[in-house]
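Colleague: 3D model of this:
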Amino acid sequence: MTSDIITTQVKTTAQLTTGKIIQKRMVLADVFKLSIEHSRISRISKPGQFVNIKLSDQLTPLLRRPFSITAVNAEAGWFEILFKVIGEGTRRLALLEPGEMINLIGPLGNSFWLSSQTKRALLVAGGLGVAPLAFLLQHLYQLKIKKTLFWGNQTKELFLAYPEIKHSCLELFYTTDDGSMGYHGLVTDLFAEVIPKFEHEAVQIFACGPNPMLQKIQQVATQNGIDCQLSLETLMGCGFGACMGCNVQSASGESYFYTCSDGPVFNAKDIKVDG
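Modeller: Predicted coordinates:
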């Protein structure tokens with residue numbers, strides 16, 4: 001494992017390419033994991049980066065869809081994405097079978113970065129926002145950094161998508177909106193309750209999920225003076241900042257960043273999260 005993630009935010013050179021689907025798993029009725037064979041992407045990708053996938057040769061859907069890289073196996077030459085069927089694009093993706101080729105660009109975007117002073121990583125995931133954080137956990141596990149994950153879902157079923165996560169975390173807090181597993185309530189409420197216990201440790205926060213969740217995490221991090229990185233979830237048509245459709249306002253309000261080219265990972269103090 002390289003040390004790039006320890007002190008720097010990594011960007012890599014993306015390529016327009018094709019990969020072969022080698023495994024498809026339906027982890028829930030409408031949630032899938034795809035393992036895609038591509039030696040270069042699996043070798044150079046860093047936690048936080050994504051691929052942009054072309055889902056049709058027709059006019060609909062016209063734009064590519066971004067998918068966080070959620071795991072890699074560099075030795076075997078494959079990487080993995082996690083997605084939920086929510087529209088025509090993801091419906092088409094779910095119909096693909098092992099052996100079929102897929103048109104993609106990647107790896108795109110920047111990565112999470114870890115201070116050399118950090119002794120514990122606090123990860124906060126909302127729903128499928130766990131995808132890039134699962135990849136981050138791979139790195140943190142090998143770096144022997146203490147890890148605490150807060151993961152919130154509407155109900156307990158989605159936790160089944162990542163049974164392996166519990167083996168890579170020192171602490172794991174589940175929350176559900178319906179109370180079917182773990183803490184009954186929002187993951188942000190539990191996080192705000194628990195975070196004082198870490199006040200004497202050198203910690204960093206890494207979060208990915210819906211914008212209202214990220215807003216709250218941003219507030220908690222600011223109140224406690226903790227370095228915080230947010231991975232934004234948004235549509236990114238081009239992946240290079242050319243279409244300018246994925247803009248996010250700077251903290252000063254005087255300029256904009258683009259999620260695909262400046263992110264998707266941002267320091268929480270640098271942006272305004274639109275709730």
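Colleague: number of nearby residues for D57?
Modeller: 6 (other Cβ atoms under 10 Å). (Each C-beta comes from the backbone N, C-alpha and C, glycine too.)
Colleague: pretty sure it sits in a helix.
Modeller: No. Secondary structure of D57 (DSSP: H, G, I helix; E, B strand; the rest coil): coil, not part of a helix.
Colleague: local confidence estimate at it?
Modeller: On pLDDT, D57 comes in at 73.
Colleague: how about T13?
Modeller: At T13, the predicted lDDT confidence score is 80.
Colleague: can you report how many residues neighbour it?
Modeller: 7.
Colleague: before we move on, which element is it in?
Modeller: Using DSSP states H and E, T13 maps to neither a helix nor a strand.
Colleague: how close does it get to C246?
Modeller: 20 Å (Cβ to Cβ, to the nearest Å).
Colleague: please parse this structure into its domains.
Modeller: When the chain is parsed with automatic domain parsing, its domains come out as 13-108, 120-270.
Colleague: quick check: which of those is nearest to L114?
Modeller: domain 120-270 (6.6 Å; Cβ to Cβ).
Colleague: so how far is the first residue of that closest one from its last?
Modeller: 22 Å (Cα to Cα, to the nearest Å).
Colleague: just the CA coordinates of stretch 141-159, formatted as CSV?
Modeller: What follows is stretch 141-159, C-alpha atoms only, in CSV (Å, rounded to 0.1, in the frame of the first residue of the first chain):
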residue,chain,number,x,y,z
TYR,A,141,-6.9,-1.2,8.0
GLN,A,142,-3.5,-1.7,6.4
LEU,A,143,-2.2,1.5,7.9
LYS,A,144,-3.3,0.3,11.3
ILE,A,145,-5.3,3.5,12.0
LYS,A,146,-8.1,3.2,14.5
LYS,A,147,-11.5,3.4,12.8
THR,A,148,-15.0,4.2,14.0
LEU,A,149,-17.8,4.0,11.5
PHE,A,150,-21.3,5.6,12.0
TRP,A,151,-23.6,4.3,9.3
GLY,A,152,-27.2,5.3,9.0
ASN,A,153,-30.0,3.8,6.8
GLN,A,154,-33.8,4.0,6.6
THR,A,155,-34.0,0.4,7.7
LYS,A,156,-31.7,-2.5,8.5
GLU,A,157,-31.7,-4.3,5.2
LEU,A,158,-29.0,-2.1,3.5
PHE,A,159,-26.5,-3.1,6.2
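Colleague: let me know the average pLDDT across that stretch.
Modeller: Rounded mean pLDDT across stretch 141-159 is 90.
Colleague: can I get the CA coordinates of the helix or strand harbouring I41 in CSV?
Modeller: Counting by DSSP H and E, the element that carries I41 is helix 39-44. Output of helix 39-44 as CSV, limited to C-alpha atoms (Å, rounded to 0.1, in the frame of the first residue of the first chain):
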residue,chain,number,x,y,z
SER,A,39,-5.8,-3.7,-14.2
ARG,A,40,-4.9,0.0,-14.4
ILE,A,41,-7.9,1.4,-12.6
SER,A,42,-7.6,-1.2,-9.9
ARG,A,43,-3.9,-0.4,-9.5
ILE,A,44,-3.9,3.4,-9.3
